[in-house]
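Peer 1: Build me a model:
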Amino acid sequence: MPDKICGVKDCEKESFQTVPSDKASKLFVLKEERTKVHLCREHYKEYKRNTKKERKLDRLDWVR
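Peer 2: Prediction:
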């Protein structure tokens, strides 16, 4: 059994990456409310695709 599993409801795959739950909760129904959520490889790809513009704007704001 893996140490950590995906935090998306009805997904029991092994965790691949950890992301902030406030951004992930906009895309997925999560099992529990926490500050960070573990995502499997498939959900992480979907997260990256859907938050690409937002993450780019965050990086540009940081450079100022």
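Peer 1: which residues sit in contact with the closest residue to Cys6 other than its chain neighbours?
Peer 2: Here the nearest residue to Cys6 in space, its sequence neighbours aside, is Cys40; by CB to CB, 6 or more residues apart in numbering that works out to 3.9 Å. C-beta: built from backbone N, CA, C; applies to glycine. With contacts defined as CB atoms under 8 Å, 6 or more residues apart in numbering, the neighbours of Cys40 are 5-6, 8, 11, 13-16.
Peer 1: switch to 7 Å and redo it
Peer 2: With contacts taken as CB atoms under 7 Å, 6 or more residues apart in numbering, Cys40 has the following neighbours: 6, 11, 13-16.
Peer 1: Equivalent analysis for Thr18, please.
Peer 2: Contact analysis of Thr18 by CB under 7 Å, 6+ apart lists 36-38.
Peer 1: pretty sure it is in a helix, no?
Peer 2: No: assessed with DSSP: H, G, I helix; E, B strand; the rest coil, Thr18 is strand; it does not lie in a helix.
Peer 1: From Lys13, how far off is the closest residue to Cys11 other than its chain neighbours?
Peer 2: Here the nearest residue to Cys11 in space, its sequence neighbours aside, is Cys40; by CB to CB, 6+ apart that works out to 6.1 Å. Cys40 sits 4 Å away from Lys13, taking CB to CB, to the nearest Å as the criterion.
Peer 1: Give me the common contacts of these two.
Peer 2: By CB under 7 Å, 6+ apart, Cys40 and Lys13 have these common neighbours: Cys6.
Peer 1: Closest one to Lys26 out of the contacts of Thr18, please.
Peer 2: For the contacts of Thr18, the closest approach to Lys26 (CB to CB) belongs to Val37, at 11.6 Å.
Peer 1: Now do the same for the residue lying closest to Lys36 once chain neighbours are set aside: its pLDDT.
Peer 2: Among residues not flanking Lys36 along the chain, Thr18 sits closest, at 5.0 Å (CB to CB, 6+ apart). The confidence metric pLDDT takes the value 96 at Thr18.
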